[in-house]
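Asks: Any chance you could fold what I've pasted below:
(2 chains)
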Amino acid sequence: MPQSADKILDHELLFREPEYQEIFRSKKTEFEFNHADDKIAEIRDWTKTKDYKEKNFARDSLVVNPAKACQPLGAVYVANGFAKTMSFVHGSQGCVAYYRSHFSRHFKEPTSCVSSSMTEDAAVFGGLNNMIDGLANTYSLYKPDMIAVSTTCMAEVIGDDLDAFIKNSKQKGSVPADFDVPFAHTPAFVGSHVTGYDNALLGVLKHFWDGKAGTAPALERTPNESINFIGGFDGFVVGNMKEIRRIFDLFGADYTVLCDPSEVWNTPTDGEFRMYEGGTTKAEVEAALHAKATIVFQEYCCEKTIKYLKEKGQEVVALNAPVGVAGTDEFIMAISRLTGKPVPAALEKERGQLVDAMADSQAHLHGKKYALYGDPDQMIGYAQFLLELGAEPTHVLATNGNDDWAAKVQKVFDASPFGKDCKVYPKRDLWHMRSLLHTEPVDFLIGNTYGKYLERDVGTPLIRLVFPIFDRHHYHRYPTWGYDGALRLLTMFLDEFFETLDANTIVPSKTDYSYDIIR
Amino acid sequence: MSMTVEERKAANKALIDEVLKAYPEKMAKRRAKHLGQYEEGKPDCGVKSNIKSLPGVMTIRGCAYAGSKGVVWGPIKDMIHISHGPVGCGQYSWAARRNYYIGTTGIDTFVTMQFTSDFQEKDIVFGGDKKLDKIIDEIQALFPLNKGISIQSECPIGLIGDDIEAVSKKKTKEYDGHTIVPVRCEGFRGVSQSLGHHIANDAIRDWVFDKVDPNKRPEFVSTPYDVAIIGDYNIGGDAWSSRILLEEMGLRVIAQWSGDGTIAELENTPKAKLNVLHCYRSMNYISRHMEEKYGVPWVEYNFFGPTMIEKSLREIASHFDDTIKAKAEEVIAKYKPLTQAVIDKYKPRLQGKKVMLYVGGLRPRHVIGAYEDLGMDVVGTGYEFGHNDDYQRTTHYVKDATLIYDDVTGYEFEKLVDAVQPDLVGSGIKEKYVFQKMGVPFRQMHSWDYSGPYHGYDGFAIFARDMDMAISSPIWALAKNAPWKKTA
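Replies: Sure, this is the predicted structure:
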C-alpha cells in the first residue's frame, strides 16, 4: 500500500509505485492489444524525419493542434472591456461554458457571460424567442448597463438576424427601448478569435457612433486633441493595460482606452464578488469619436475597425504588437507626435535602462534560435525583439496568419542580418511545428500552454508568452509591452536559458565543471 | 446554528422565494420548479430536471458535444477523435478533463491532441463530407497506428445536412474494416451534455459492438472473474485507484470505460461477467444495452470515501463466489488503518463544516459520503444535467432539508451561498473564482482542482488532505478583514 496519512502521495508520485506500475503493465499486455513496442518506436522515429515532414506539410484538410480559437471568444473578450457590460452570446449554450472556462483557466478569474441557450427547436424555427426571453432575463438578473451580443456558428448557419431580433426584443419589452445592445455577427467558421475581437469592437463603436441602430441621431465628429488606444486580444492584458496607461499618463496625454478588460480580470479577494469592474464607459466610447487619432496596437486583430476609424476621419496608427526597444520607440514616438508633447524624461531613462539590461545579457542570447507561434501581430512583435537581441526567430508560425501577414514577417527578417535563415509559416498548426522542430531544431520555443507537448516531443524548452497559459500562474499580471514589458520578456528569455544551462550541467563528476555560480 | 429541521425548511423556503424575486414573473415560475429541498421519505428531491435552461441566464451546463467528445469518446486513447466543424469546440475541450493515460502521444495514443476539420465558410456552403473523406486519408497517412477514428459533430454539421454516416461507411470499407464512428453530438441537441452521453453510448452500440466480428479476438480468454469498469474517466487517475482495489479482491478488470480506455477493451466488454458502473448518468445506457443483448449484469458503485467504498466492494463481491467475498473483506481490512489514520488526522479539523456542492454526473450524490466520513455536512447539492432518476438516487445520500438546486444559474448559486455561508463550495472552474472572491473556500469537483485521484482508498487520502487545505488555508483570514477596517 503506497499511500499513507503521514505522507500523502499525489498523482505524480502515487502512480510510480510498484503496485500501480504492475497494473499498467498487466492492463497493457492483457487487454489493450496495442502495437508492439518496436513498431511504436519505429513510427515515432519516422515522425521525426524529413520524409514525415513532407507528408505532414502536404496535408490540406486535417488540422492538428491549431494555435487559434473561434470568433465568439474574441467577442466575449471585448464585452469584458466595457463598463458594466454583460456579454450575451446568441446560440447554443455549450459554447459559452467553453469561453468562460477558457478565460477562467487563463486569468484565474471569474468570467461572466450568458447564452441564449438555443436548442433543436430554435434550430428549426430560429432563435428569436430565445433572444426575447434571454435579454429580459439578463437585464433583470445581472443589471448591466449594456448587453453586448455576439453569435455562435449555430445562429450563423441558420441565419438569425441580430439587428432585427434585438429590435423585436425591444418592442416586446425585453429591455427598455433606449437600452444599449450593441451586436456583432461572429461566425466561428470565419477567421479566429482575433476576427471576433475586431467584429465585436466594431459593433460597439458603430452602435454608439452611428445612431444606436437607428434609434438616435448619428454622432457628428468634432475633432479634438485626444487619442484613443485599442490593444487587441491580449492574454497579458492585466499587466499591459497598466503599463499602457502609465505611459500615456507620463505624457500627460488626453487618451481613451477603447476596450479595457484589465480590471474585471483583476478584482481583489476581499469578501465581495464584483461581476463588473473597470472597463470603458459609454460616455468614453461616445467621446472617442472626436479623437484626433487612434493607436491600434494590433493591426491584424482590428482590420475592419481600422477601416471604420479611418472612414470617420481619424488618423490611425496601426502597429503589430511592437515590443522591445525599437518597437516601444515606435509606439512612444507616435504618442509624442500625436500629442505634440516631448517624450518624458522618465521614459527616456527607462529606455536606457532596458538597453543596459540587454547589453548585460546579450551574450547569452546572441545567435540562439527560437521557434514561435501565436497570433499574427504578436509574432511580429516578438520576432522584432529577438532580432534586436541578436537572436534568430527561426520558425515563426501563425495558424490564423495569412499571406499578407507572412510578407510582413518576411520584411522583419529581411531588415536584420539575424533574420536571413528565418522562415514564416502562415496557416500552419502545431503538428507542422513539431516537424519543423525535429528537422530544423532550435534552442527555444515561444508559445502557449499547448506548446508543452512540443517541449516533451522534441525537448525544446518552452517560454510561455502566448494565450492561453493554463499551467503557469500570474504571468498575465506582468506587462510584455513598453520598455518595462521588454525587460520582463528579456528576463523570461534569460531564465529559460539559464535553467536549461544549469539542467545541462548538473550531473556530478560528468558535466558539472560548467555548473557555474556566476553567469 | 442549532436550527431544527422544521426551522431550516422554513428558512430554505424563504430563501428560495427571495432568490426567485429577481426573475421576470414567467421565468420565476419556470425556475421555481428547479429549486427546492429534500424532504425525508419522499421518492425524489422534489425538483424538475433535464429541461431546457432559461435563455440569458448564466447556466453552468455544457452541450451534447461536450458530453460525447469531452466525456465519453475523448478518453479512448488509441482512437483519433475529430472535432468536426469549426475550430473552437475542439480547442476549448483540448485536454481539459485530465483523463490520464499511458501511451506515446501522437504515435499510438491521442487523448491530449486536438484534431479538427476547422470548418471554413466554404465548408458550410458546400458541405464538409468531401473534406472529411480527405481528413481520414490524411489521418491514416500521418498517424498509421491509430486503432480507430470517431467523428464528433459540432453544431453546423447537423444543420447543413452532412452525411457523416455515409463517409464513415465508405472509409471503413476503404481501410479494410477500420473502426470509423460518426457521432451526431451537435451542441444544440438536447438541453445539456446529458444527451451527448446518450448519443455517444448509442454510437458505441451501433458502430463498435455491432461491427465487431465475434471471432476477431480469439486470443481473449474469459475468466469467471472478469469485470469492466464503466463510467470512470480516470480524472487524475481515478480509474487506476479504483482498478487496483478490484484486482486486489481477485477480479480481473478487462476494460476501462473510457478513461485510459482502448478500442480493444470496448470490444471485449460484452464478455465481462459484470459491468461495474461508476457514473450512472453518462453510461447507464450502454450498460443496460449490454445487459439486454449480451446478458451482462451491471451494478452501480461508489468509490468516494471509506464508508461507500466498503459498501460498494461488498456489493460487487456479492455477484461472485465466496473466494471473492472473502477477498473483498481482506481488502477492506487491509485499508482500514490507512483510512482511520486519514480520518484521525483530518476529522478534528473538518468536523461540522458545511459544504455546498454543484457538479455533474454522479458527484452531486456520490461524494457526500466522503464528506460525511470526515465529519462534514453537505447542506446543499444539485446537478448540472441530472435526470429524475438521479434525483431519486440522491435521496439515499442526503438528509432531510438539504437544499436542492437543479441547473442552478450563476445568479441563484451566488445568492444561495451568500445566504447559507457554507465553509466550502465544491463546483467547477467557472464558479471557483466567484466564491473565492467572496471569501468562501472552494474545490473544483470536476477536475479535482488539478489534484487527485479522489476515487478509492488512495484517493480518499488526497481528497481529505485537499478539503482540509482549502478550508484551513490562512488566506481566508486575510481575505475579508483588512486590519484598518476592524472596528474597535
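
Asks: C-alpha only now, for contacts and for neighbours.
Replies: Fine.

Asks: Could you point out the helix or strand that follows the least confident helix or strand in chain A by mean pLDDT?
Replies: When the helices and strands of chain A are scored by mean pLDDT, DSSP states H and E, helix A:120-125 comes last with a mean of 94. Remark: after helix A:120-125, the chain's next helix or strand is helix A:128-142, criterion DSSP states H and E.

Asks: check whether that following helix contacts chain B.
Replies: Yes: with CA under 8 Å from any CA of the partner chain as the criterion, chain B is reached by helix A:128-142 at A:130-131, A:133-138, A:140-142.

Asks: so can I have TSV of those residues showing pLDDT and neighbour count?
Replies: Shown next, in TSV, are these (pLDDT from 0 to 100; neighbours: other CA atoms under 10 Å in any protein chain shown):
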residue	pLDDT	neighbour count
A:130	98	23
A:131	98	28
A:133	97	24
A:134	98	25
A:135	98	27
A:136	98	24
A:137	98	26
A:138	98	26
A:140	97	18
A:141	97	19
A:142	97	21
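
Asks: Switch the residues you listed over to JSON lines; also include distance to residue A:255.
Replies: Converted to JSON lines, the residues of helix A:128-142 next to chain B look like this (distance: CA to CA, whole Å):
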{"residue": "A:130", "distance to residue A:255": "39"}
{"residue": "A:131", "distance to residue A:255": "36"}
{"residue": "A:133", "distance to residue A:255": "38"}
{"residue": "A:134", "distance to residue A:255": "35"}
{"residue": "A:135", "distance to residue A:255": "33"}
{"residue": "A:136", "distance to residue A:255": "35"}
{"residue": "A:137", "distance to residue A:255": "35"}
{"residue": "A:138", "distance to residue A:255": "32"}
{"residue": "A:140", "distance to residue A:255": "34"}
{"residue": "A:141", "distance to residue A:255": "33"}
{"residue": "A:142", "distance to residue A:255": "30"}
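
Asks: if we take these, which one ends up nearest to residue A:480?
Replies: residue A:142 (33.5 Å; CA to CA).

Asks: residues in contact with that closest one?
Replies: The contact partners of residue A:142, by CA atoms under 8 Å, 6 or more residues apart in numbering or on different chains, come to A:86, B:411.

Asks: gap between residue A:328 and chain B?
Replies: Counting by CA to the nearest CA, to the nearest Å, the gap from residue A:328 to chain B is 32 Å.

Asks: on that earlier part again, and the least confident helix or strand of chain A, what's buried?
Replies: A:120, A:122-123 (16 or more other CA atoms under 10 Å in any protein chain shown).

Asks: Report whether it contacts chain B.
Replies: Yes: using CA under 8 Å from any CA, we find that helix A:120-125 touches chain B at A:120, A:123.

Asks: who touches that helix?
Replies: Outside helix A:120-125, the residues touching it (CA under 8 Å, 6+ apart) are A:128, A:130, A:154-155, A:158, B:159, B:188-190.

Asks: Pull up the residues of the stretch 301-450 of chain B that are close to chain A.
Replies: B:338-339, B:341-342, B:345, B:411, B:429-440.

Asks: quick revisit: tell me the one of the residues of helix A:128-142 next to chain B nearest chain B?
Replies: residue A:134 (3.7 Å; CA to the nearest CA).

Asks: Residue A:2: what's it in contact with?
Replies: A:9, A:14, A:17, A:19.

Asks: should've said residue A:97
Replies: B:60-62, B:430.

Asks: what's around residue 54, how many residues?
Replies: Going with chain A. 12 (other CA atoms under 10 Å in any protein chain shown).

Asks: That was the other one, I meant chain B.
Replies: Here the number of neighbours of residue B:54 (other CA under 10 Å) works out to 21.

Asks: for it, helix, strand, or coil?
Replies: coil (DSSP: H, G, I helix; E, B strand; the rest coil).

Asks: which regions of the stretch 151-300 of chain B sit below the pLDDT cut-off?
Replies: B:214-218 (pLDDT under 70).

Asks: Strands of chain B, residue ranges please.
Replies: B:35-37, B:79-84, B:115-116, B:148-153, B:180-183, B:226-232, B:252-258, B:274-277, B:298-300, B:354-357, B:377-381, B:403-405, B:424-427, B:442-444 (DSSP state E).

Asks: So which of those strands is nearest residue A:227?
Replies: Comparing these by CA to CA, strand B:115-116 comes nearest, at 41.5 Å.

Asks: ok, the closest one: who's next to it in the sheet?
Replies: strand A:63-64 (antiparallel), strand B:79-84 (parallel) (DSSP bridges).

Asks: Which parts of the stretch 401-519 of chain A are strands?
Replies: With strands called from DSSP state E, counting those that start in this stretch, the stretch 401-519 of chain A shows them at A:423-426, A:444-447, A:462-464.

Asks: Can I get these in TSV including mean pLDDT?
Replies: TSV is the format used below for the strands of the stretch 401-519 of chain A (pLDDT from 0 to 100):
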stretch	mean pLDDT
strand A:423-426	98
strand A:444-447	98
strand A:462-464	98
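
Asks: I'd like the ones you listed written out as TSV, with distance to chain B and mean neighbour count added.
Replies: Output for the strands of the stretch 401-519 of chain A, formatted as TSV (distance: least, CA to the nearest CA, whole Å; neighbours: other CA atoms under 10 Å in any protein chain shown):
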stretch	distance to chain B	mean neighbour count
strand A:423-426	15	20
strand A:444-447	15	25
strand A:462-464	18	23
